[in-house]
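K.L.:
what follows is a protein structure lacking sequence information:
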């Protein structure tokens, strides 16, 4: 049984602003999460049991994996070196 992807409004807005090449890279990384929700480069966020981050190029994806209902929730996508991504993720709790 496969996972379903659920995007937050912030994640969708950010993805819409990406140039085609970067959009394709990030979208492919997200689609790979469906096959493997915990890839080797996924890091669990401190103080949070369910949220992880993974990187693709200069972008970071913060997500949670709900095995009980087979959903990958894309919480926020943003620049990797931008601390604002974690502030947005924390507001989504």
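P.N.:
Great, that's in hand. Quick caveat: nothing in here was measured; it's all calculated off a predicted structure. Residues are numbered from 1 along each chain as shown.
K.L.:
hey, which helix or strand in the chain has the poorest pLDDT?
P.N.:
helix 84-91 (a mean of 74; mean pLDDT, DSSP states H and E).
K.L.:
got the contact list for that helix?
P.N.:
10, 45, 51, 60, 62, 75, 76, 77, 78, 79 (C-beta atoms under 8 Å, 6 or more residues apart in numbering). Any C-beta I mention is one placed from the backbone N, CA and C, and that applies to glycine too.
K.L.:
what comes up buried for it?
P.N.:
Neighbour-count burial for helix 84-91, counted by 16 or more other C-beta atoms under 10 Å, picks out 85, 86, 88, 89.
K.L.:
and for stretch 57-66?
P.N.:
59, 60, 61, 62, 63, 64, 65.
K.L.:
quick one: that stretch to chain centroid distance?
P.N.:
Relative to its parent chain, stretch 57-66 has a centroid offset of 2 Å by C-alpha atoms, centre = their mean, to the nearest Å.
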